[in-house]
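K.L.:
Predicted structure and sequence below. I'll ask about it afterward.
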Amino acid sequence: MAINLIDSAMVSQLSYYNLAAASLVNNLIGLPFVVCIGFTVAIAPLVAELRGSQKPEACGTLLNNALVLNLAISLLLVVPFYLGGDVIFHLRQDPEVARLGRPYLNWMLWSIVPMTAFLSIKQFCDGLQHTRVPMLLSLASIPLNAGLNYLFIYGKFGFPALGLEGAGIATLLARLLVAVAIGIYVFKNSTFSKYRLIERSLVKATQFKIARLALPSAWQYCSEIGAFVLLGIVVGWFGPVQQAAHQISLSVAAMAFMVSIGLSSAGSIRVGEAYGMGNSGRVRSEGMAALKLAMVYGFFCAVCFIVFRNWIPRIFTEESAVIHQSSILFCLAAAFQIGDSLQAVGMGILRGVQDIRMPTLYTTLCYWFLGIPAGYFLGVVVGWEVTGVWVGFILCLSFMGVLLLRRFIHISTEKVHEAN
């Protein structure tokens, strides 16, 4: 997400048409992007459960099978999107925005494959609570991408000035390098030798277990991002100024959301380990601690968005119309911060106890039957334009947060009563 934010900030220096094109492409690749993420996030709680059950070799088997499965899924998603990339010219977008976005789309699609490999191995490390090196590699990719952007976007030190397309090339290279680095770290490191990673074979039963948890997780992410993608395309109907403001506000909100994803991952690992140990009391206490942190963090983000609503957009652009529209959207983003953080953490801790059916139903109802219709109705029919679309975000994310909070309280209470 930081890479996407840097891309937006650096290409916005060229023109707000480039920024709008980046927004359009990030919307289009949102679905394959989050489906791949959904398949990787299932790894950490499953590894944590095996760790809690004292089955180290099974962890190695799980990683090998998950890596093969996830890379196959990423290719199955990327190739059709790549071949059908000309759809960008048929979405009622500004013609210049579509023209600038087409080559950027190609590079960003292929960058999903090494990203999937990196996240699969990272989730394995997280499940074992070896989080430091993957975190450092994630952080290292940020200045690496910024440096490559500088070379390829602006044409420095003899490199061609490729503009927005250069940002896509830089993203692909940065993700490829960190994927190779984490692969070397895990498969060549004696710390992980007890998991016998190289020796582990492909097992259909293990792949089925991964898919059983991963498919609903992928759909949960797909439902959420699908709402943002479809409504983001609708925003493009209102012109490049509103689309650029949407990209700025959504990029910053998405960056803030990554901390919630971190809390979600940590919660799923801690709850998953307690679940593998059969400790119902710890399942509840770990989950509630994560939910409380989510509420505090959401409130903190809401305050920051309101206080700095006029300052943050100036990092990206000097266009007064874009800055004004962005400041309004930051106020709306503040309204869904607590709900957004709660729903992210709620999904994670419920994944830790392998409760997937009801959360999947909730995501389908809230995003597809509430968020998307409300955003379209308020934005297009009522005429609130991008403001109406963002009110749709507030509705679906807030309802999701409340429903998942109630679901975990209900399940954890039942488990404690059963244990007693």
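P.N.:
Thanks, I have it. Numbers count the residues shown, from 1 in each chain.

K.L.:
Where does the prediction get shaky in the stretch 151-300 of the chain?
P.N.:
Counting by pLDDT under 70, the low-confidence segments of the stretch 151-300 of the chain come to 196-203.

K.L.:
the strands in it, which residues?
P.N.:
Counting by DSSP state E, counting those that start in this stretch, the stretch 151-300 of the chain forms no strands at all.

K.L.:
Show me where it has its helices.
P.N.:
Using DSSP state H, counting those that start in this stretch, the helices of the stretch 151-300 of the chain run over residues 164-187, 204-236, 240-277, 280-307.

K.L.:
buried sites along the third one?
P.N.:
Applying a neighbour-count criterion of 16 or more other C-beta atoms under 10 Å, one finds 240-254, 256-257, 259-276 buried in helix 240-277. Every C-beta, even on glycine, is put in place using the N, C-alpha and C of the backbone.

K.L.:
try stretch 306-326
P.N.:
Neighbour-count burial for stretch 306-326 [16+ other C-beta under 10 Å]: Arg309, Ile312, Pro313, Phe316, Thr317, Glu319, Val322, Ile323, Gln325, Ser326.

K.L.:
Restricted to helices, list those.
P.N.:
Among the buried residues of stretch 306-326, the members found in helices (DSSP state H) are Val322, Ile323, Gln325, Ser326.

K.L.:
which residues does the nearest residue to the third one once chain neighbours are set aside contact?
P.N.:
If you skip the residues right next to it in sequence, Gln325 has Ala245 as its closest partner in space, 3.6 Å away by C-beta to C-beta, 6 or more residues apart in numbering. Under the criterion of C-beta atoms under 8 Å, 6 or more residues apart in numbering, the contact list for Ala245 reads Pro313, Val322, Gln325, Ser326, Leu329, Val386.

K.L.:
Please name the nearest non-neighbouring residue to the fifth one.
P.N.:
Closest residue in space to Leu329, ignoring its immediate chain neighbours: Ser249 at 3.8 Å, by C-beta to C-beta, 6+ apart.

K.L.:
Do I have it right that Pro359 meets Leu405?
P.N.:
No - no contact is recorded between Pro359 and Leu405 when judged using C-beta atoms under 8 Å, the distance being 11.5 Å.

K.L.:
So for those two, which sits in the more crowded spot?
P.N.:
Neighbours per residue (other C-beta atoms under 10 Å) separate Pro359 from Leu405, with Pro359 holding more: 24 against 19.

K.L.:
Phi, psi for the more buried one please.
P.N.:
Backbone torsions of Pro359, given as degrees, to the nearest 10, read phi -60, psi -40.

K.L.:
Begin at 243 from now on, thanks
P.N.:
Okay, using 243 as the starting number, the last item reads as Pro601.

K.L.:
if I look at it, how far off is Gly588?
P.N.:
Here Pro601 is placed at a distance of 7 Å from Gly588 (C-beta to C-beta, to the nearest Å).

K.L.:
For these two, list the residues in contact with both.
P.N.:
Common neighbours of Pro601 and Gly588, counting by C-beta under 8 Å, 6+ apart, are Leu646, Arg649.

K.L.:
how about the helices in the stretch 243-392 of the chain?
P.N.:
244-253, 258-270, 272-283, 285-294, 298-325, 337-352, 354-369, 374-396.

K.L.:
can you put the buried residues of stretch 548-568 in TSV and add distance to Phe275 and pLDDT?
P.N.:
Formatted as TSV, the buried residues of stretch 548-568 follow (distance: C-beta to C-beta, whole Å; pLDDT from 0 to 100):
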residue	distance to Phe275	pLDDT
Arg551	27	93
Ile554	24	91
Pro555	24	91
Phe558	21	81
Thr559	24	81
Glu561	28	86
Val564	25	89
Ile565	28	92
Gln567	25	93
Ser568	23	93
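
K.L.:
wait, which of the residues you listed is closest to Asn391?
P.N.:
Taking C-beta to C-beta as the measure, Asn391 lies nearest Phe558 of those, at 14.2 Å.

K.L.:
Surely that closest one and Asp249 touch.
P.N.:
No - contact criterion C-beta under 8 Å: Phe558 and Asp249 do not qualify, at 11.0 Å.

K.L.:
which among the contacts of Ala487 gets closest to Ile330?
P.N.:
Distance from Ile330 was checked for each of the contacts of Ala487 by C-beta to C-beta. The minimum falls on Val628, at 20.0 Å.

K.L.:
follow-up on the earlier one: pick the one among the buried residues of stretch 548-568 closest to Gly369.
P.N.:
Out of the buried residues of stretch 548-568, the one with the shortest distance to Gly369 is Ile554. That distance is 34.7 Å, counting by C-beta to C-beta.

K.L.:
ok, for the closest one, nearest residue in space, not its chain neighbours?
P.N.:
Computed as C-beta to C-beta, 6+ apart, the closest residue to Ile554 that is not its neighbour in sequence is Val494, at 5.9 Å.

K.L.:
Quickly note the distance from Leu455 to Tyr463.
P.N.:
When distance is defined by C-beta to C-beta, Leu455 is 13 Å away from Tyr463.

K.L.:
actually Ile248, sorry about that
P.N.:
As defined by C-beta to C-beta, Ile248 lies at a distance of 23 Å from Tyr463.

K.L.:
wait, what's in contact with the nearest residue to Phe281 once chain neighbours are set aside?
P.N.:
Closest residue to Phe281 apart from its sequence neighbours, by C-beta to C-beta, 6+ apart: Ala456 at 4.4 Å. Contacts of Ala456 were listed using C-beta under 8 Å, 6+ apart, and they are Gly280, Phe281, Val283, Ala284, Leu311.

K.L.:
try it again with 10 Å
P.N.:
Contact analysis of Ala456 by C-beta atoms under 10 Å, 6 or more residues apart in numbering lists 277, 280-285, 288, 308, 311-312, 315, 449, 593, 598.

K.L.:
With Val628 instead?
P.N.:
Val628 neighbours (C-beta under 10 Å, 6+ apart): 473-474, 476-481, 483-485, 487-488, 491, 567-568, 570-571, 574, 617, 621.

K.L.:
what does Ala516 give?
P.N.:
Residues near Ala516 by C-beta under 10 Å, 6+ apart: 290-291, 294, 522-529, 594-595.

K.L.:
roughly how far apart are it and Arg551?
P.N.:
Applying C-beta to C-beta, one obtains 40 Å for the distance of Ala516 from Arg551.

K.L.:
Next: Met497.
P.N.:
As judged by C-beta to C-beta, Met497 and Arg551 stand 15 Å apart.
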